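In: Here's my sequence, what's the structure:
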Amino acid sequence: MPRGALALLALATAISSALLTYTLLSKIVVVEIEVEGEITKVTVVCGTRLIVSFNNSVTGSPVALVFEVCRDGFQGVSVLTDEPTLEYYTAGLIDMNDSIRSFKSRELRYCSSQEVRVLIGGDELSFRGACLVFRAKPYISFSS
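Out: Numbering: from 1, shown residues only. Presented below is the predicted three-dimensional model:
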């Protein structure tokens, strides 16, 4: 094979590898969880579920808010709880699962005087009597 062809093949291989690496890294998201100024970072792939669970302070029933994480933030997926708690939240006027599915944000804020459990990417965290701020950030940025 001529020397020029080998150089061109090497260049094409390097470009392909760089594009593949960039594509794979673009699917990675860093989720920052801030509690009272302390930040915990969890690295996940796009599509990972974030579950924020707690007990409703009025009904005492467990509630889980489920979100999907991707480069552009958090997309609501579902609310898991019992009927009396859904009724408490909505007075029967809206479907909470329909409502949360239309929710999308780069940041989530949640405060509770009770225990809040967070499950994301295999990590389980627990906080009591705190305000939590969740931020989704791309691992790499497309802009310069």
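In: Which elements pack onto the longest strand along the chain?
Out: The single longest strand within the chain, with elements called by DSSP state E, is strand 123-138. When contacts are defined as 3 or more Cβ pairs under 8 Å, 6 or more residues apart in numbering; DSSP states H and E, strand 123-138 packs onto strand 28-35, strand 73-80, strand 107-120. Bear in mind the C-beta positions are built from the backbone N, C-alpha and C, glycine included.
In: Pull up the pairing partners for the second one, direction included.
Out: It stands for strand 73-80. Each strand pairing with strand 73-80, determined using DSSP bridges, is listed with its direction: strand 62-70 (antiparallel), strand 104-105 (antiparallel).
In: Also the longest one?
Out: The partner list of strand 107-120 in its sheet, established with DSSP bridges, is strand 49-55 (antiparallel), strand 123-138 (antiparallel).
In: quick check: longest helix of the chain.
Out: Ranked by residue count and defined by DSSP state H, the top helix of the chain is helix 3-25.
In: Between strand 123-138 and it, find me the angle.
Out: Taking axes from the mean of the first three to the mean of the last three Cα atoms, to 10 degrees, helix 3-25 and strand 123-138 form an angle of 120 degrees between their directions.
In: just checking, what packs against helix 3-25?
Out: For helix 3-25, there are no packing partners by 3+ Cβ pairs under 8 Å, 6+ apart, so no helix or strand.
In: got the buried residues for that helix?
Out: When burial is assessed from 16 or more other Cβ atoms under 10 Å, helix 3-25 yields no buried residues.
In: Mean confidence (pLDDT) on it, please.
Out: Helix 3-25 shows an average pLDDT of 73 in the prediction.
In: How about stretch 120-136?
Out: Mean pLDDT, taken over the full extent of stretch 120-136, equals 93.
In: Which parts of that stretch count as buried, going by neighbours?
Out: When burial is assessed from 16+ other Cβ under 10 Å, stretch 120-136 yields the following buried residues: 120, 127, 130, 132, 134-136.
In: swap in stretch 31-45?
Out: 31, 33-34, 42, 44.
In: How about residues contacting it?
Out: 27-30, 50, 69, 118, 120-121, 123, 125, 127, 130-137, 139 (Cβ atoms under 8 Å, 6 or more residues apart in numbering).
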